[in-house]
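Asks: the following block contains a protein sequence and its predicted model.
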Amino acid sequence: MSNQTISLTDALHQYLLDTSLRESGELKALREETATLATANMQIAPEQGQFMALLVQLCGVKNIIEVGVYTGYSSLAMALALPEDGCLLACDISEEYTSIARRYWAKAGVSSKIDLRLAPAAETLQTLREDGAAGRFDMVFIDADKANYDKYYEHCLALLCQGGLIVVDNVLWGGSVINPDKQDEDTCAIRAFNQKLLTDQRVDISLVPIGDGLTLARKR
């Protein structure tokens, strides 16, 4: 028994994957292709993708916003968990990386569920609000440029229905959040964001130590 989250050694992490990961062929192939890229550290952990897919199912989610697509692992995992009439609106600015995502979405048969918007996410979210989409979404996943996390959060909170869930990645930032020598823009933005959510009475929160830290915020 333990009153503190245990640390995962490489061997224990492998055991976790061996005894719990149920990864489709398309997800596995996408993860392996992404691992060959110089930017592969931007890929979420497979157990995180599976956890998020389970959240989609547990919460009965039908409409998702994703801020930050990269090569599409998280969007693919969530889209596979959506019902047939579900929709994931994906925000990104990279044609290069999302071309990989689109290829795997098609292979997995979920392209019809995903609406990719190639534009700065803040602009896309603002347009959604102006078009009257406030309260229409059940779940949000934020995993993009850290300096704009607060801006994305505020837009998405407005677009989220009551009882909806915002999921925010990289909130532990490789441990840099507790390193006083780390004062770069991204690290400072994540620290400020975490501190803000601690006292934000509009949501109920839990910071889950999976991947690089995942905050769940349920809109009251």
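Replies: That came in fine, so what should we check first?
Asks: so which strand or helix has residue 163?
Replies: Assigning secondary structure by DSSP states H and E places residue 163 in strand 160-169.
Asks: on the three-state scheme, the residue positioned nearest the centre of the chain is what?
Replies: Central residue of the chain (C-alpha atoms, centre = their mean): residue 141, 3.6 Å from the mean position. Secondary structure, DSSP: H, G, I helix; E, B strand; the rest coil: residue 141 is strand.
Asks: pLDDT at it, what is it?
Replies: For residue 141, the pLDDT comes out at 98.
Asks: which residues does it contact?
Replies: Contact analysis of residue 141 by C-beta atoms under 8 Å, 6 or more residues apart in numbering lists 52, 64, 65, 66, 67, 68, 74, 78, 167, 168, 169. Where you see a C-beta, it was placed from the backbone N, CA and C, and this is true even at glycine.
Asks: what do you get if the cut-off is 10 Å, keeping everything else the same?
Replies: Contacts for residue 141 (C-beta atoms under 10 Å, 6 or more residues apart in numbering) come out as 44, 52, 55-56, 64-69, 74-75, 77-78, 88, 90, 156, 165-169, 214.
Asks: also residue 71?
Replies: Contacts of residue 71 by C-beta under 10 Å, 6+ apart are 30-31, 33-34, 37, 39-40, 42-43, 94, 96-104.
Asks: thinking residue 150 is in contact with residue 188, fair?
Replies: No - look at residue 150 against residue 188 with C-beta atoms under 10 Å: they stay out of range, at 11.4 Å.
Asks: pull out the buried members of the contacts of residue 71.
Replies: The neighbour count (16 or more other C-beta atoms under 10 Å) marks 30, 31, 34, 43, 97, 98, 100, 101, 102, 103, 104 as buried among the contacts of residue 71.
Asks: excluding its backbone neighbours, what's nearest the first one?
Replies: When you say that, I think you mean residue 30. residue 104 (4.5 Å; C-beta to C-beta, 6 or more residues apart in numbering).
Asks: and if you look at the fourth one?
Replies: The shortest distance from residue 43 to any non-neighbouring residue, by C-beta to C-beta, 6+ apart, is to residue 34 (4.8 Å).
Asks: what's the separation between the one you found and residue 87?
Replies: 24 Å (C-beta to C-beta, to the nearest Å).
Asks: just residue 46 next, same as before
Replies: For residue 46, the distance to residue 87 - C-beta to C-beta - is 24 Å.
Asks: ok, residue 19 next?
Replies: Distance of residue 19 to residue 87, given as C-beta to C-beta: 33 Å.
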